[in-house]
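**Q** Output the structure for:
(2 chains)
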Amino acid sequence: MSQKFTKELVHKYALDLLISLTEEENQMVLEEFDIIEENMEKINAIADLKEEEAMTHPFSLENVLLRDDVVEEELPLEDVLLNAKNKTMEEVIVSKVVE
Amino acid sequence: MKSEILSLSNVSKESLLNETKKKVLEHQEKCNSFVTILENASLGEGKESKLSNIPYVLKDNFSTKGILTTGSSNTLKDYIPPYNSTVYQKLLDAGAILVAKSSMDEFGMGGSGITPHTGVVCNPYDTSLIAGGSSCGSAACVCDKVVPFAIGSDTGDSVRKPAAYCGIVGYKPTYGMISRYGLFPFASSLDHVGVLTRSVVDAAIVGNAIKGIDSHDMTTFDSSSIDLEKEIEEPISTRKLFYIKELVRLENYPNASEELKSILSQFHEFIKTLQSQGVLVEEVSLSRELLDVIPSVYTCISCAEATSNLSNLTGILFGEPGVGKNVVEQMIDHRTKGFSPLIKRRLIIGSYVLQKENQEKYFVNAQRVRNRIVSIMKGFFQKYDACILPCASSVAPKIKDVNDKMKRESSILDNHMVIGNFGGFPSITIPSSFINGMPVGINLTAEIMEDAKLLSIAYQCEKLLDFKGGETK
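**A** Down below sits the predicted model:
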């Protein structure tokens, strides 16, 4: 296993995405990281990559879809809040944010 | 032109629906393909169309107002969407009848069908084998003749690979031809809606019904000039096809299994059949170096995009609220308990390649390699009508042999179909033959917007192969 990756580093990567890992999951990620990095390094081995533009979407599409300036029917509030467990009639209730 | 969908127009709609409901329950017992079975599905009131009162199945990542939609994830196990995806709405309008929502690898992240929160989906040909993924339930139920068509989604090869493993047709149109509004996103630059059927004609019929520009999805384009059925009978003799020699020459696989040898031998036999019909088929080269990095490029881009797409799963607006002293702790608790270990590991890869120090060397370079591969393919498409290749290096693997661990090596023949997602190219899998009693398929891919031509070539190949989806041998 590479010394480059540590339990704490994996924990940080996870926490950046608001995820926590069990000890077992953390260990599994650590064991996989050598393979992940090895695979990722194969990408860097490709010659003259800097000449290529980074592709962010499959192809350019000039698609100007300006909507008409009219009021559209929106989803009813009660439907939007249907899946929220903690709510009032019009709002979602969360814990106090400002400490 | 044989269409199972059109042939059903002569069948009593009541008896078709009742028979389908019976098959749904029997198939669920056998393969575990469904998250939700709509026992109260009734004959529709939509307009008269080729799909009127035709029963179908929708993958469980398409939003259906008032109907449970889980993405096969515990984070959304009770989620009921307040609106319809465009695909579902179009099928409602066409009068098609939704009879079940199908299981999938969680949020589409997987290729085996072993990770749905409702359990493994089995292959109808042999229930000890996987159906393939991520559209496992959709593929299995079409293979088992429960419904004539099902809808799936395809980010890597998630419609086309399970179609190959289940011996049916899997069609992924040009990126943006079918709206993704209401489809749970996984990797937005790679996600496509796809169709699973037992014949190419039926794929064309369903594709025509659900395609179209959508103001809710800015990546859709106006495809009104493309008619997938109209040109389907065009002769194949004037077509020019190519295959990538690095993928189909036996000498490139020093430890080839007997199964792989058969797949390659049958592929070359079919090439000879095509040539005997006057089709020009030539081999081209795509460097092994590029073919080898396809899985890494896919992993890098898809995991990075997934980190963003799954960030709204917090347990606040939907899902089971997490426990904690503050909102952040509650979100962490919700996500930690809800995501499976596989999803967490995939997201961590995304987090890793997006770290400031890694972004350029991993994420951006992966996007550059994607561009290079797509540019090379576009060069081939200037000379040829379509690319023809086997779908995979084996038949469907055994469930017991599949796990979700990261692999150091994987066969290049198992990963090439993601090129269709890199470039947004239309791509279709058709069943070609049986090996050891299990189906294998052939994949055809064409230039963007050339879907009608692609389906015409696939239709003619299907006729030459004389193997329709769902057959047994």
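**Q** Stretch A:5-13 close to chain B?
**A** Yes: contact of stretch A:5-13 with chain B (CB under 8 Å from any CB of the partner chain) involves A:10, A:13. For the C-beta atoms, the positions are set from N, CA and C on the backbone; glycine is no exception.
**Q** Not counting its own residues, what contacts that stretch?
**A** When contacts are defined by CB atoms under 8 Å, 6 or more residues apart in numbering or on different chains, stretch A:5-13 is touched by residues A:20-21, A:26-27, A:29-30, A:33-34, A:37, B:348, B:351-352, B:355.
**Q** hang on, B:A150 in a strand?
**A** Yes: under DSSP: H, G, I helix; E, B strand; the rest coil, B:A150 sits within a strand.
**Q** what about it, distance to B:Y362?
**A** To B:Y362, B:A150 is 36 Å away according to CB to CB, to the nearest Å.
**Q** what's the answer for B:V353, then?
**A** The value you get for B:V353 to B:Y362, if CB to CB is used, is 4 Å.
**Q** what packs against the lengthiest helix in chain A?
**A** Ranked by number of residues, the top helix in chain A under DSSP state H is helix A:23-44. Applying 3 or more CB pairs under 8 Å, 6 or more residues apart in numbering or on different chains; DSSP states H and E, one finds that helix A:23-44 contacts helix A:7-15, helix B:288-309, helix B:341-354, helix B:365-383.
**Q** can you pull the pLDDT of the spatially most distant residue from the centre of chain B?
**A** Distance from the C-alpha centroid of chain B, by CA atoms, centre = their mean, peaks at B:K325 (41.7 Å). Model confidence at B:K325, given as pLDDT, is 92.
**Q** which ones are touching it?
**A** A:S95.
**Q** Look up phi and psi at it.
**A** phi -70, psi -30 (degrees, to the nearest 10).
**Q** Starting from A:A84, give me the distance back to it.
**A** 20 Å.
**Q** Next: B:L228.
**A** Taken as CB to CB, the span from B:L228 to A:A84 is 41 Å.
**Q** Quick check on these two: which one has the bigger neighbour count.
**A** When neighbours are counted by other CB atoms under 10 Å in any protein chain shown, B:L228 and A:A84 differ, and B:L228 comes out ahead with 27 against 18.
**Q** Quick check: closest non-adjacent residue to the more buried one.
**A** B:A204 (3.9 Å; CB to CB, 6 or more residues apart in numbering or on different chains).
**Q** Near B:H192, how many other residues are there?
**A** For B:H192, using other CB under 10 Å, the count is 27.
**Q** Three-state assignment for B:D333, please.
**A** Assignment for B:D333 (three-state DSSP): helix.
**Q** shaky segments in the stretch 51-200 of chain B?
**A** Within the stretch 51-200 of chain B, no stretch falls below the threshold (pLDDT under 70).
**Q** For chain A, what's its nearest residue on it.
**A** B:P82 (3.7 Å; CB to the nearest CB).
**Q** Select only the buried ones of the contacts of stretch A:5-13 in ChimeraX?
**A** Selecting only the buried entries of the contacts of stretch A:5-13 in ChimeraX, with 16 or more other CB atoms under 10 Å in any protein chain shown as the criterion:
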select /A:20,21,26,29,30,33 /B:348,351,352
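**Q** picking up where we left off before, shouldn't the residue nearest to B:L228 be within a helix?
**A** Yes: B:A204 forms part of a helix when assessed by three-state DSSP.
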